[in-house]
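Trainee: sequence? don't have it. structure:
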């Protein structure tokens, strides 16, 4: 089930990979990321994580995927650099793909 939601834009910090849809690299990324969540400062939603994805360059087989948490403040890029992670702004329109817990 795919649902479109409107919510405020957020800043996220996490680990990112460039892969293909349904790649085994996506689930393999999560344990690596979860082990490093404590290194990320200024969590805005403790105990909530996001799988952020976008297709690159118009090719539907080129997928940028990120295991991430939402952060507050303007220092998210600095935090990401310190832990060799990625910082990204997520837009206000979201696609919710039917995970067990619907985003707030």
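Mentor: Structure received. Since the structure is predicted, the reported quantities are computational estimates derived from the model, not experimental observations.

Trainee: buried ones in stretch 41-58?
Mentor: For stretch 41-58, burial by neighbour count (16 or more other C-beta atoms under 10 Å) applies to 43, 49-52. To be clear about C-beta, it is placed using only N, CA and C from the backbone, and glycine gets the same treatment.

Trainee: Quick check: the farthest pair among the residues you listed?
Mentor: For these, the maximum inter-member distance is 16.5 Å, found between 43 and 51 (C-beta to C-beta).

Trainee: before we move on, back to that, rebuild the buried residues of stretch 41-58 as a markdown table, extending it with distance to residue 58, secondary structure and pLDDT.
Mentor: Shown next, in a markdown table, are the buried residues of stretch 41-58 (distance: C-beta to C-beta, whole Å; DSSP: H, G, I helix; E, B strand; the rest coil; pLDDT from 0 to 100):
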| residue | distance to residue 58 | secondary structure | pLDDT |
| --- | --- | --- | --- |
| 43 | 34 | strand | 89 |
| 49 | 28 | coil | 88 |
| 50 | 24 | strand | 87 |
| 51 | 22 | strand | 87 |
| 52 | 19 | strand | 85 |
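
Trainee: Switch those over to a markdown table; also include distance to residue 16.
Mentor: Rendered in a markdown table, the data for these read as follows (distance: C-beta to C-beta, whole Å):
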| residue | distance to residue 16 |
| --- | --- |
| 43 | 18 |
| 49 | 13 |
| 50 | 12 |
| 51 | 11 |
| 52 | 8 |
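
Trainee: Return the member of the residues you listed nearest to residue 21.
Mentor: Relative to residue 21, and with distances defined as C-beta to C-beta, the nearest of these is residue 51, at 12.3 Å.
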